[in-house]
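A.B. asks: any chance you can model this:
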Amino acid sequence: MQPAIVADQSDMPRSVSQDQPRYLTAAVLPFLLMHLACAAVFFVPFRWSYALWALGLYYARMFFVTAGYHRYFSHRSFRTSRVFQFVLAFCAMTSSQKGILWWAAHHRRHHRYSDTEDDVHSPTRNTFFWAHIGWIMSRKNDATEVEWIADFNRFPELRWLNRHFLVPPVLLAVTLFLAGGWSMLVWGFVVSTVALWHGTFVINSLAHLFGRRRYKTADTSRNSLLLALVTLGEGWHNNHHHYMASVRQGFFWWEIDITYYILRVLSWVRIVRDLRLPPPSILHPPAEAV
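C.D. replies: Residues are numbered from 1 along each chain as shown. Prediction:
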């Protein structure tokens, strides 16, 4: 089921805790089937190369999730060409996390209402399950709230991708099957995608519950080296909520942020440009630790 593009949301925002969630069968069933399909690793031929493909595709797509869905489309923390903008969107959507406009619009709403009743995925206001995955499968969050993403909604190619959000993951799955058969499909797509889902979702759930707080923000965001390694830099979540416009979420040299390193290299060859960094007034002195 494709998320509808909404032209008018005059009654938004609504609290996610006002009523019991109603889940979309068309979202819940594929999610469960993908998890069950991971068991196919015991029934297909195994080579270590398949596991390496799974790991490689996990981190390759994680880069596009973090650089594309998050830092570019949600926060506009750097600039790029219209062509590479489409590449970022398409490759991010191979992660099978719905449309590019849908994702970014909901994330912007999350920052506007972080850890309040109107946050779409707060683990402190709702359950851990809701923050981790439930909100994605809820009917109330199925629509693309275009008023939050009007800047990118003006591009017809992005609107097309957002409507046809299954095209990128299906093309990836078919390509892997044609290249390596069932084993490549199971390891390179099914296992890798399920791991990628949870690798992404832990920032909405765990990164608001566990870790250290450098900055006294109005929400419960926390920093975690472990989550930063899993997500190529997104684990510095308290830094991010302190100054969300920064392309670099690991503010200091010892905070590993691989997505930023890759974007920095891309800026050297002008694929991306105008990388936004936190000014010294944001970094020094740090806000009171809590």
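A.B. asks: ok, the residue nearest the centre of the chain - contacts?
C.D. replies: Against the mean C-alpha coordinate of the chain, by Cα atoms, centre = their mean, the closest residue is residue 65 at 4.9 Å. Residue 65 sits next to 92, 95, 97, 196, 200 when contact means Cβ atoms under 8 Å, 6 or more residues apart in numbering. Placement of C-beta: from N, CA and C, glycine included.
A.B. asks: list just the nearest of the residues you listed to residue 46.
C.D. replies: Residue 46 lies nearest to residue 196 out of the contacts of residue 65, by Cβ to Cβ, at 20.5 Å.
A.B. asks: the closest one: which element?
C.D. replies: helix 192-201 (DSSP states H and E).
A.B. asks: which outside residues touch that helix?
C.D. replies: Contacts for helix 192-201 (Cβ under 8 Å, 6+ apart): 31, 34-35, 38, 53-55, 57-58, 61-62, 65, 95-97, 132-133, 169, 230-231.
A.B. asks: of those, which belong to strands?
C.D. replies: With DSSP state E as the criterion, strands contain none of those.
A.B. asks: which of those residues count as buried?
C.D. replies: Neighbour counting by 16 or more other Cβ atoms under 10 Å classes 31, 34, 53-54, 57-58, 61-62, 65, 95-97, 132-133, 169, 230-231 among those as buried.
A.B. asks: doesn't residue 117 fall inside a helix?
C.D. replies: No: counting by DSSP: H, G, I helix; E, B strand; the rest coil, residue 117 falls outside a helix, being coil.
A.B. asks: roughly how far apart are it and residue 124?
C.D. replies: 11 Å (Cβ to Cβ, to the nearest Å).
A.B. asks: residue 90 sits in which helix or strand?
C.D. replies: helix 82-93.
A.B. asks: residues touching the nearest residue to residue 203 once chain neighbours are set aside, list them.
C.D. replies: For residue 203, ignoring the flanking residues on the chain, the nearest one in space by Cβ to Cβ, 6 or more residues apart in numbering is residue 234 at 5.1 Å. Residue 234 is in contact with 66, 70, 203, 207, 227, 228, 240, 249, 259, counting by Cβ under 8 Å, 6+ apart.
A.B. asks: pretty sure the first one sits against residue 236.
C.D. replies: No: with contact defined as Cβ atoms under 8 Å, residue 66 does not reach residue 236; the gap is 11.3 Å.
A.B. asks: of those two, who's got more company?
C.D. replies: Taking neighbours as other Cβ atoms under 10 Å, residue 66 and residue 236 compare with residue 236 leading, 30 against 25.
A.B. asks: give me the phi and psi for the more buried one.
C.D. replies: phi -80, psi 60 (degrees, to the nearest 10).
A.B. asks: would you mind measuring from it to residue 267?
C.D. replies: 20 Å.
A.B. asks: ditto for residue 216
C.D. replies: From residue 216 to residue 267 the distance is 32 Å (Cβ to Cβ).
A.B. asks: those two: who's more crowded?
C.D. replies: residue 267 (17 against 12).
A.B. asks: picking that back up, let me know the closest of the contacts of residue 65 to residue 185.
C.D. replies: Once Cβ to Cβ is applied, the member of the contacts of residue 65 that ends up nearest residue 185 is residue 196, at 15.2 Å.
A.B. asks: which helix or strand contains residue 254?
C.D. replies: Applying DSSP H and E, one finds residue 254 in no helix or strand.
A.B. asks: and the pLDDT for it?
C.D. replies: For residue 254, the model assigns a pLDDT of 96.
A.B. asks: how many other residues sit next to it?
C.D. replies: Residue 254: 7 neighbours (other Cβ under 10 Å).
A.B. asks: please apply the same query to residue 83.
C.D. replies: Residue 83: 10 neighbours (other Cβ under 10 Å).
A.B. asks: got it, and the one 5 residues further on?
C.D. replies: Neighbourhood size, residue 88 [other Cβ under 10 Å]: 22.
A.B. asks: same deal with residue 263?
C.D. replies: Residue 263, neighbours per other Cβ under 10 Å, totals 24.
A.B. asks: how about low-confidence regions in the stretch 1-150 of the chain?
C.D. replies: 1-21 (pLDDT under 70).
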